[in-house]
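1. Got a predicted structure plus its sequence, pasted below:
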Amino acid sequence: MLPALVFLSLAIFAAALLWSPHAGRAAYLHLMLAAGAMPLIFGAMSHFIPVLTRTREAERVIGLVPVVALAGGALAVVAFSAGGFSWGWQAGAVLAMAASVALFVWSRKRRAAMLGSPHACLAWYEAALACLFAALLAMLAAGLWPQHFLQLRRFHLHLNTLGFIGLTAVGTLAVLMPTVIGRPDVLAAQRLRRDLPWAFAGTLLVAAGSAGFAPLAWLGAAFWAIVLLRLGVAWLRLYRGEIFARHGAAPLLATALAGLALSLAAGAASAAIVSGGWNLPDPTAVFIAGFLLPLVSGAASQLLPVWLRPGVQNAWHGDMRRRLGRHHGVRALLFFAGGIAAGLGQPWGLLLSAATLVWFLLQAAASLFLTRQGNPS
Ligand code: HEM
């Protein structure tokens, strides 16, 4: 189920990017974020929550949660591409809210059932699910108060991007990077515990501030900057050699962190630029091309082998990981350049990131085929 979800999401990302010059903005963005990223995040959480709570693997029924989320996201995309008929995306929002409540309740049950206390990353996931729920509620509220549509839309988009995706990503990255490299970051859990209030408060301030009072949003962005800076400095101290390498998942995961910081800076800059003949930076484009795509490609190269063959790790897993991570250093540069160009409003930025993603998709399919055949690397 999880490997299928990874390939489906990567294919959806590539399709959305290629569709972007021809589709309406809400349609292609939701194809990418609501139909592509949201179900994948639910799938990844259902894998990680048992690990973080040291409990048995997820019950089969939990596998339905990403499917319900996918149905919700798909309904939203159909509604937007067919001219925004509102009951379509409202039904989609209700499905996605049901999925977020189901996963949240399941996570709380696992937390209550475990011995001792869970890994600090679990609280990041629960905060992320709460943000998604509130973001979708905001869009349903827009149906009741259409005069506040623009403010609620801003609230929705920031709670979803920084809150739902950003909190999930940073919590996961702090755990994933040491695993990818095979050397522990002994302060990771302590840092996660200390930084969650900053990241969560930062998200709320950006969401509320962007809907009404810009200085609040800048304060929120500063809170987030502290969190990203602390993680980035720790990584550079511990893993500099692997981050600036030609192969392996580390360059992509580090690029994702830099891309998130860049989209935050683009958001602050676009709020600050009010006049002049400047091009406004597009934070959503940076978020997609410079953060989301390297994040998912990097995480997939580490996790696909485990998800394809769960259980004891052996030479097959190492071989598959080596094949998947080949040339990720080059991809990291291409995604980063694509993110900057897309953020500056250059259409080739999104296309460069789309091409880099398709290159990874082809490599992943070839790795799967060759490793199945048992050919030596
Ligand atoms: C089923 C789930 C979802 C529904 C029903 C939904 C609904 C909406 C609606 C009604 C809008 C306003 C569109 C307009 O301006 O006409 C919107 C905007 C937006 N949503 Fe969602 N959304 C969903 C999930 C998500 C997710 C998961 C994300 C990101 C992680 C997201 C990110 C955005 C962004 C970035 C915008 C602003 C688009 C723009 O700049 O034009 N949404 N959403």
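-> Everything's here; your move. Predicted, not measured: the structure shown is a model, and the values here were computed from it.
2. Please count neighbours and contacts with C-alpha atoms only from this point.
-> OK.
3. dump the residue contacts of A211.
-> For A211, the contacting residues are 150-152, 154-155, by C-alpha atoms under 8 Å, 6 or more residues apart in numbering.
4. most centrally placed residue in the chain?
-> Among the residues of the chain, the smallest C-alpha distance to the mean C-alpha position (C-alpha atoms, centre = their mean) belongs to I165, namely 4.3 Å.
5. gap between that residue and the ligand?
-> According to C-alpha to the nearest ligand atom, to the nearest Å, I165 stands 6 Å off from the ligand.
6. now A102
-> In this structure, A102 and the ligand are separated by 15 Å, where distance is defined by C-alpha to the nearest ligand atom.
7. neighbours of that residue, just the number please.
-> Counted with other C-alpha atoms under 10 Å, residues neighbouring A102 total 14.
8. how distant is the host helix or strand of it from the center of its chain?
-> Following DSSP states H and E, one finds A102 within helix 86-113. If you compare the mean C-alpha spot of helix 86-113 with that of the full chain, they lie 17 Å apart, counting by C-alpha atoms, centre = their mean, to the nearest Å.
9. And that helix, what's buried?
-> By neighbour count with 16 or more other C-alpha atoms under 10 Å, helix 86-113 contains the buried residues 88-101, 103-104, 106-107, 110-111.
10. for stretch 265-272, same thing?
-> Within stretch 265-272, the residues that qualify as buried are 265-269, 271, counting by 16+ other C-alpha under 10 Å.
11. of the residues you listed, closest to the ligand?
-> Looking at the buried residues of stretch 265-272 and their distance to the ligand, the nearest is G267, at 12.0 Å (C-alpha to the nearest ligand atom).
12. can you pull the contacts of the nearest residue to that closest one once chain neighbours are set aside?
-> In space, and not counting its chain neighbours, G267 is closest to P283: 5.1 Å by C-alpha to C-alpha, 6 or more residues apart in numbering. P283 sits next to 263-267, 270, 343 when contact means C-alpha under 8 Å, 6+ apart.
13. least trustworthy position among those, going by pLDDT?
-> When the contacts of P283 are compared by pLDDT, S270 scores lowest at 79.
14. Name the helix or strand for the closest residue to the ligand within the stretch 251-377 of the chain, please.
-> Checking the stretch 251-377 of the chain residue by residue against the ligand with C-alpha to the nearest ligand atom singles out T284 as nearest, at 6.3 Å. Counting by DSSP H and E, the secondary-structure element that holds T284 is helix 283-286.
15. on that earlier part again, weed out the non-buried ones from the contacts of A211.
-> Among the contacts of A211, those scoring as buried are 151-152, 154-155 (criterion: 16+ other C-alpha under 10 Å).
16. Looking at G276 now. What's its pLDDT?
-> On pLDDT, G276 comes in at 53.
17. Spell out which parts of the stretch 101-250 of the chain neighbour the ligand.
-> Taking C-alpha under 6 Å from any ligand atom as the test, the list of the stretch 101-250 of the chain residues beside the ligand reads 139, 153, 157, 160-161, 165.
18. Next, give me the two most distant ones among those.
-> Across those, the longest distance by C-alpha to C-alpha is 17.4 Å; it joins M139 and I165.
19. still on that earlier bit, which residue sits closest to the residue nearest to the centre of the chain, ignoring its sequence neighbours?
-> Spatial nearest neighbour of I165, excluding adjacent residues (C-alpha to C-alpha, 6+ apart): A128 at 7.1 Å.
20. I figured the one you found hits L167, correct?
-> Yes - between A128 and L167 a contact is recorded at 5.5 Å, counting by C-alpha atoms under 8 Å.
21. Quick check: which ranges of this structure have low pLDDT?
-> Residues of the chain that meet the criterion pLDDT under 70 lie in 84, 273-279, 373-377.
22. and the lengthiest helix in it, what does it pack onto?
-> Criterion DSSP state H: the longest helix present in the chain is helix 214-243. With contacts defined as 3 or more C-alpha pairs under 8 Å, 6 or more residues apart in numbering; DSSP states H and E, helix 214-243 has these neighbours: helix 167-181, helix 188-212, helix 250-272.
23. could you redo the last one with a cut-off of 10 Å?
-> In terms of contacts (3 or more C-alpha pairs under 10 Å, 6 or more residues apart in numbering; DSSP states H and E), helix 214-243 is packed against helix 167-181, helix 188-212, helix 250-272, helix 328-343.
24. what about these, which gets the closest to P294?
-> With distances scored as C-alpha to C-alpha, the stretch of the helices and strands packed on helix 214-243 nearest to P294 is helix 250-272 (5.1 Å).
25. Report the inter-axis angle for the closest one versus helix 167-181.
-> Angle of helix 250-272 versus helix 167-181, following axes from the mean of the first three to the mean of the last three C-alpha atoms, to 10 degrees, is 150 degrees.
26. and helix 250-272 with helix 214-243, angle?
-> Calculated by the same axes, to 10 degrees, helix 250-272 forms an angle of 160 degrees with helix 214-243.
27. quick one: S263 from P283, how far?
-> 5 Å (C-alpha to C-alpha, to the nearest Å).
28. now E57, what's its secondary structure?
-> Going by DSSP: H, G, I helix; E, B strand; the rest coil, the secondary structure assigned to E57 is coil.
29. Among the buried ones among the contacts of A211, which one sits closest to the ligand?
-> Ranked by distance to the ligand (C-alpha to the nearest ligand atom), the buried ones among the contacts of A211 are led by R154 at 7.0 Å.
30. Apart from its chain neighbours, what residue comes closest to that closest one?
-> Once its chain neighbours are removed from consideration, R154 has its nearest residue in A211; the separation is 5.6 Å (C-alpha to C-alpha, 6+ apart).
31. and if you look at L8?
-> Sequence neighbours aside, G36 is the residue nearest to L8 in space, at 7.6 Å (criterion: C-alpha to C-alpha, 6+ apart).
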